[in-house]
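Student: give the three-dimensional model of this entry:
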Amino acid sequence: MDLAFNKNEDAMKLAYSQVRQKLEEIYEGGGKISIQKQRERNKLTARERIKWLCDDGSPFIEIGAFAGYGMYASQGGCPAGGTVSGIGYVSGRQCVIVANDQTVKAGAWFPITAKKNLRMQEIAMENKLPVIYLVDSAGVYLPMQDEIFPDKEHFGRIFRNNARMSAMGITQIAAVMGACVAGGAYLPIMSDETLMVEGNGSIFLAGPYLVKAAIGEDTNNEALGGAETHTAISGIADYKFETERECLDQVKKIISKLASPENAGFDRIKSIEPAKNILEIYGVLNEGNNRPYNVVDIIECVTDAGSFDQFKKDYGKTIVCGYGRVDGWAVGIVANQRLIVKNKKGEMQLGGVIYNDSADKAARFIMNCNQKKIPLVFLQDVTGFMVGSRSEHSGIIKDGAKMVNAVANSVVPKFTFIIGNSYGAGNYAMCGKAYDPRFIYAWPTAKIAVMGGEQAGKTLLQIQVASLKAKGQLITPADEEKLLKEIMESYQTQTTPYYAAARLWVDDIIDPAETRHLISEGIKAANQNKDIPTFKSGVMQV
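Tutor: Predicted coordinates:
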């Protein structure tokens, strides 16, 4: 390994160490004082509950750890969106797990909390995975109720999805370990089975204070909606337990008796280790990602040795397409190529840009994978489609639309990894969040924006300068330089993976060395939904 590789490796490891540092803060939830209060009430934290629930030694893939990161500062923050969630193994079965974090504003729902919970339900529905809700929430965060209550993708959508999942035959289990108030009371009751912990778990539409104010009745949590009330009187809950661990053990027993799902039949053979050591993946991209590299080096760190076969290798070279295997699973890979390459006419092409021939090749390959029922993996490092009169005259819009059409209508599971740039329509064509990837992850080097920072900064500068001049203000070169600096700082903040993960544009910021594992686990989840529609591409200009 050469000096450049070592420098790249150090930069990538440093970038991910910064991710880990931020995660350690997020893992503290509402802080040590709030955690201690949980302990005093004989309650586990959300992460402790998940650890007890999941099989020993099995992977737990957290989704949305950065949800809400840097948001709601005026409200004191909302670490992980006030909810810990992901996919874990319970009694040997992959399950979606959603646990309210009571240490964060008593588990209240912020706008990002609703978005995160809806994302987890979406994952369950797409992959037909059982769902386990670990309930401990004070309900909607009232100071922001207008941003969470009435709209289509707000709080009420959770219960709509409860009903839809039930109709789809997806098992839902609710373990009530704390408060379950107001509209939130519907979630456990719309689940298949409800378990409650004595002394802490409670379910009611209105708490004691509201009951007193509304009808003058004096009552308390236990009498109104505790475990004894709902297992012996109302019949709403199915089981009660003295401790949380006993409650979680019963959840394991319930999951252990579920029938095995009919799978989709995605092809898998015995896994072979990659040709390159997975850790070599750290040394491919340079710091700043401003120099060419060969994306095949990344592919060879991820795919089983000898399994990757390039499709149309000598055509459309700014996108690499090919069939391979990841941990034994058959996959189709679509990856942006950052090398400076020659096209079939011997002309030089910029890496990271999608040209006509690359878009044409990728569209055909995506359709082939749908024909063969092969899951797709997208490795994004794209600056967009090629612009200029020559490209326009060659029909770049038509070829780009063809690729977007193929991605949008794709029926096989898609898995997206943003390893570098993700700009403009390139984000769409390479299966960005709007194109329904089953899972979408970002490396620490990811940048997501409508265009690159320098181009955007200069464009915004021109607009602002023109506006100020139109108002009669005198703008000096020094003023322009200061204004450009302010624009660039603001824009660059918005392009970071942290900004994207906070808003759930991506499911998580990952260690690049986990890419192979996440593809394998993702396909394993997707394979549990046998219902794959027939591929139809619609109208395309060819």
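
Student: pull the helix or strand with minimum mean pLDDT from this structure.
Tutor: Every helix and strand in the chain was compared by mean pLDDT, DSSP states H and E; the lowest is helix 453-470, with a mean of 75.

Student: toward the C-terminus, what is the element adjacent to the lengthiest helix in the chain?
Tutor: Longest helix in the chain, counting residues (DSSP state H): helix 3-27. Using DSSP states H and E, the helix or strand that follows helix 3-27 towards the C-terminus is helix 32-40.

Student: and that next one, what's its mean pLDDT?
Tutor: Mean pLDDT, helix 32-40: 93.

Student: mind checking how far whichever helix or strand comes after it is from the chain centre?
Tutor: Elements were assigned by DSSP H and E; along the chain past helix 32-40, the next helix or strand is helix 46-53. From the chain centre to the centre of helix 46-53 is a distance of 21 Å (Cα atoms, centre = their mean, to the nearest Å).

Student: likewise stretch 351-365?
Tutor: 26 Å.

Student: state the phi and psi torsions of S422.
Tutor: For S422, the backbone dihedrals (degrees, to the nearest 10) come out as phi -140, psi 80.

Student: pretty sure it is touching V382, no?
Tutor: Yes - between S422 and V382 a contact is recorded at 6.3 Å, counting by Cβ atoms under 8 Å. The C-beta positions use only the backbone N, C-alpha and C, and glycine is treated the same way.

Student: so what sits against both of those two?
Tutor: M430 (Cβ atoms under 8 Å, 6 or more residues apart in numbering).

Student: for the stretch 351-500 of the chain, what spans make up the strands?
Tutor: Under the criterion DSSP state E, counting those that start in this stretch, the stretch 351-500 of the chain carries strands at the ranges 353-354, 376-382, 384-385, 414-423, 439-442, 447-449.

Student: give me the contact list for the last one.
Tutor: Applying Cβ under 8 Å, 6+ apart, the contact partners of strand 447-449 are 289, 418, 420-423, 427, 432, 442, 453, 456, 491, 494-497, 499-500, 505-506.

Student: next: the fifth one.
Tutor: With contacts defined as Cβ under 8 Å, 6+ apart, strand 439-442 is touched by 123, 415-418, 431-433, 448, 497, 500-501, 505-510, 515, 518, 522.

Student: roughly how far does R157 sit from Y498?
Tutor: Remark: distance between R157 and Y498 (Cβ to Cβ, to the nearest Å) = 26 Å.

Student: same deal with I50?
Tutor: From I50 to Y498 the distance is 23 Å (Cβ to Cβ).

Student: so for these two, which sits in the more crowded spot?
Tutor: The residue with more neighbours, out of I50 and Y498, is I50; 23 against 18, by other Cβ atoms under 10 Å.

Student: quick one on the thing from earlier: now the longest helix of the chain and helix 46-53, what's the angle there?
Tutor: Relative orientation of helix 3-27 versus helix 46-53 (axes from the mean of the first three to the mean of the last three Cα atoms, to 10 degrees): 100 degrees.

Student: quick revisit: same list, the strands of the stretch 351-500 of the chain, but as TSV with mean pLDDT and distance to A67 please.
Tutor: Output for those, formatted as TSV (pLDDT from 0 to 100; distance: least, Cβ to Cβ, whole Å):
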stretch	mean pLDDT	distance to A67
strand 353-354	94	31
strand 376-382	98	21
strand 384-385	90	28
strand 414-423	97	17
strand 439-442	98	13
strand 447-449	92	16
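
Student: P477: which of those is closest?
Tutor: strand 447-449 (26.5 Å; Cβ to Cβ).

Student: centre of the chain to that closest one, how far?
Tutor: Here strand 447-449 is found 15 Å from its chain centre; the criterion is Cα atoms, centre = their mean.

Student: buried residues, that strand. List them.
Tutor: Neighbour counts using 16 or more other Cβ atoms under 10 Å place K447, I448, A449 of strand 447-449 among the buried residues.

Student: from those residues, which is closest to F66?
Tutor: Of all the buried residues of strand 447-449, F66 sits closest to I448, with 13.3 Å by Cβ to Cβ.

Student: farthest from the middle of the protein: give me that residue.
Tutor: The C-alpha centroid of the chain is most remote from G472, which lies 47.2 Å away (Cα atoms, centre = their mean).

Student: rewinding a little: give me the angle between the least confident helix or strand of the chain and strand 414-423.
Tutor: Calculated by the same axes, to 10 degrees, helix 453-470 forms an angle of 50 degrees with strand 414-423.

Student: which residues are in contact with helix 453-470?
Tutor: Contacts of helix 453-470 (Cβ under 8 Å, 6+ apart): 447, 449-451, 475, 480, 483-484, 487-488, 491-492, 495.

Student: which of the buried residues of strand 447-449 lies closest to Y186?
Tutor: Using Cβ to Cβ, those come closest to Y186 at I448, 35.2 Å.

Student: among the contacts of helix 453-470, which are in helices?
Tutor: In this view, those that belong to helices under DSSP H are E480, L483, L484, I487, M488, Y491, Q492.

Student: low-confidence ranges, the chain, go.
Tutor: 1, 183, 453-454, 456-457, 541-542 (pLDDT under 70).

Student: give me the buried subset of the contacts of strand 447-449.
Tutor: Members of the contacts of strand 447-449 classed as buried by 16+ other Cβ under 10 Å are 289, 418, 420-423, 427, 432, 442, 453, 456, 491, 495-497, 499-500, 505-506.

Student: wait, G265 touches K373, no?
Tutor: Yes - using Cβ under 8 Å, G265 is in contact with K373, at 7.0 Å.

Student: with neighbour numbers in mind, choose between those two.
Tutor: Ranked by neighbour count (other Cβ under 10 Å), G265 and K373 place K373 first, with 16 against 10.

Student: quick revisit: let me know the closest of the buried residues of strand 447-449 to V135.
Tutor: Nearest to V135 among the buried residues of strand 447-449: I448, at 33.1 Å, using Cβ to Cβ.

Student: identify the bridge partners of the closest one.
Tutor: I448 has the following beta-bridge partners by DSSP bridges: S422.

Student: got it, and I173?
Tutor: Beta-bridge partners recorded for I173 (DSSP bridges): I132, E193.

Student: doesn't L187 make contact with it?
Tutor: No - using Cβ under 8 Å, I173 is not in contact with L187, being 11.3 Å away.

Student: wait, a strand at V331?
Tutor: Yes - judged by DSSP: H, G, I helix; E, B strand; the rest coil, V331 forms part of a strand.

Student: doesn't D297 lie inside a helix?
Tutor: Yes - according to three-state DSSP, D297 belongs to a helix.

Student: grab the nearest non-local neighbour of Q75.
Tutor: P143 (6.8 Å; Cβ to Cβ, 6 or more residues apart in numbering).

Student: what about that neighbour, neighbour count?
Tutor: Using other Cβ under 10 Å: P143 sits among 13 other residues.

Student: now S394
Tutor: 15.

Student: what of A214?
Tutor: 9.

Student: do the one 5 residues further on as well
Tutor: Taking other Cβ under 10 Å as the neighbour definition, T219 ends up with a count of 14.

Student: dump the residue contacts of it.
Tutor: For T219, the contacting residues are P208, V211, K212, by Cβ under 8 Å, 6+ apart.

Student: in three-state terms, label the nearest residue to F311 once chain neighbours are set aside for me.
Tutor: Counting by Cβ to Cβ, 6+ apart, C321 is the residue found nearest to F311 once chain neighbours are left out, at 4.3 Å. Secondary structure assignment for C321 (three-state DSSP): strand.

Student: quick one: C321 from N263, how far?
Tutor: The value you get for C321 to N263, if Cβ to Cβ is used, is 26 Å.
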